[in-house]
Every structure is written in structure tokens, then in C-alpha cells.
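K.L.:
I would like the atomic coordinates for the input below:
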Amino acid sequence: MSANKTQAAIVQLTPQTSYTFRVRAVNGNLESSPSNQVTATTPAGGGGGGNDGYLTSSAIPNFRFRVRIFNTATPIAGAKESDCIPETLCVSGAVPGRSEVFLRVIGPRPNGYLWPTIVRFTPSRVEVDVQQISTGITKTYVLPAIPPDSDELTGLQDRTGFLP
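P.N.:
Numbers count the residues shown, from 1 in each chain. The predicted structure follows:
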């Protein structure tokens, strides 16, 4: 960071999420005591915040996800659920608070790749864009709707998804 900085841009934050910040001054190897905490809540997505419908989670750094659930003719944009299991992004669709898609990126695995993993709890068609932030590479995964006579909910794991 350059000298005499008085502001910073914090990017790729999750909509409708509270963040707490503290700052400290640094001069060579010397650091000041941290400032008082300041808490701010990001606005809801879609209002020009630049997230393009993508969801992020500190549990999955360097990745962002856009989820669409097609239980009607018009897709429902997935919404991040705050109550989720560790290392997972839980996404609801038609009913807020009811997770319909779980997302993870695991690895690197023995083959050297990070594996995007999608688990769904809906028979509806699900489309997920996974973007590795550092490279800008985006992959789209489509899980077709489950036929009414099926009792299996399929998921997906891409074993050559992204390089670390």
C-alpha cells in the first residue's frame, strides 16, 4: 500500500451483509493501535452495486456464484442464506430461508484442480455460474429438471474445474 492513504475500496462484498472494520496506521515496522470498530451493511443486490447477481461467501474465497432456479417459466435468482454449514454457500430460491442449492469448491485435490461441487434439494432445473475471481474464468453448470417419476436429486462435481 502506498503512503498517505486515507481511503480504501472494499470490493466484492455480499449484498445485505454486515461488515465490521478497524484500521491502523503503519510506518515501516511500527503499527498503531487499531481504531474503534465501524460496522456497515451493504445494500440489497441488483441496485447498481455491480455484483451482476453474483453471490460470495468468505467460506469460499476467490470464487463467486450466480444461481438461477427454474421452477417456473421465469428463473428465480438465488439468494444467499446466512445460516449454512461450514465451507459452503447455501442458496434459496422460491422460499427465503429454505436452501435449495449448496455450493462448495474443494481442493486442490490430488489431480491439482479445485473441484466445484453443486448439491441441490429441488427437482427444478438449476443453472450455476462459478467464477474464479483471480483469473476471471467463469464456468456454467446446468442441472436439468428431475422427471416427476424420479426419486433421485442429482448433483454435480467438476473434477477439473479450476487451477489454484
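
K.L.:
mind listing what the residue nearest to Pro96 when sequence neighbours are not counted touches?
P.N.:
Spatial nearest neighbour of Pro96, excluding adjacent residues (CB to CB, 6 or more residues apart in numbering): Ala79 at 6.5 Å. Every C-beta, even on glycine, is put in place using the N, C-alpha and C of the backbone. Residues counted as contacts of Ala79 (CB atoms under 8 Å, 6 or more residues apart in numbering) are Leu55, Val91, Ser92, Gly93, Pro96.

K.L.:
Most neighbours among these, please name it.
P.N.:
Highest neighbour count within those: Val91, with 26 neighbours (other CB atoms under 10 Å).

K.L.:
C-terminal to the lowest-mean-pLDDT helix or strand in the chain, what's the next element?
P.N.:
In the chain, the helix or strand scored least confidently by mean pLDDT, DSSP states H and E is strand 38-41, which has a mean of 62. Where DSSP states H and E defines the elements, the next helix or strand beyond strand 38-41 is strand 55-56.

K.L.:
how far does that following strand sit from the chain's center?
P.N.:
Distance, stretch centre to chain centre, for strand 55-56: 3 Å (CA atoms, centre = their mean, to the nearest Å).

K.L.:
what does stretch 113-126 give?
P.N.:
Relative to its parent chain, stretch 113-126 has a centroid offset of 13 Å by CA atoms, centre = their mean.

K.L.:
can you pull the pLDDT of Lys5?
P.N.:
Lys5 carries a pLDDT score of 64 in this model.

K.L.:
Okay, strands next: where are they in this structure?
P.N.:
18-21, 26-27, 30-31, 38-41, 55-56, 63-70, 76-77, 79-81, 89-92, 99-106, 115-120, 125-132, 138-143, 156-157 (DSSP state E).
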